[in-house]
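> Need coordinates for the following:
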Amino acid sequence: MTPTQIAAIEASFRLVAPIAEPAAAIFYERLFTLDPMLRPLFARTDIRDQGRKLMQAIGFVVAHLRRPDAMLPAVAALGARHAAYGVNPAHYDTVGQALLDTLAEGLGPHFTEEVRDAWAGAYALIAGHMIEAAGEARRAA
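Numbering: from 1, shown residues only. As a prediction, the model looks like this:
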C-alpha cells in the first residue's frame, strides 16, 4: 500500500468511527442481503456485539497500516479463528463487497474513487492473509 492510500484510509476511517454502530448495522444488513446463506454463521451471535468487534478490528487494521509487521500476525490469527467458525475463502469476496458498500453509504461524497481503491487494496491484503492462515489451520487440523 502506498502512503497516499494509507492516508486516504486513515482520513476516511476518522469519518466512519463516530458512526461505528450504525455503520456495523449497515454492514451486516448488506452482508446478509448479498448472501443470505451467511446468516446461519451468526445464529448464536449478538449482532450488535459482533458489530463492535468488527469496528474494533477495522480500527486496529487502520491504526497499523503503516506497520504491517505489527498487524499481519494478528490478522492471520483472526483468519485461523474464522476457519473454525465455518468461513470459507469465497465468503471473503462477499465481505469485501459489503464493506465497500457500507463505506459508500456511510461516507457519501467522501467515498471517492481514490478512497474506494485504497480500501479495496487494504481489504485484499488483509483477506489474502486471513485466507492463507485459514488454509494452514485447516491443514493442521
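> Packing partners of the strand or helix carrying G59?
Applying DSSP states H and E as the criterion places G59 in helix 47-63. Here helix 47-63 touches helix 3-16, helix 20-34, helix 68-84, going by 3 or more Cβ pairs under 8 Å, 6 or more residues apart in numbering; DSSP states H and E. Using the backbone N, CA and C atoms, a C-beta is placed for each residue, glycine as well.
> buried ones in stretch 60-72?
For stretch 60-72, a neighbour-count test (16 or more other Cβ atoms under 10 Å) marks V61, V62, L65, M71, L72 as buried.
> Between which two of those is the distance greatest?
For the buried residues of stretch 60-72, the farthest-apart pair by Cβ to Cβ is V62 and L72; their separation is 14.0 Å.
> wait, what's in contact with G86?
If a contact means Cβ atoms under 8 Å, 6 or more residues apart in numbering, then G86 has L41 as its contacts.
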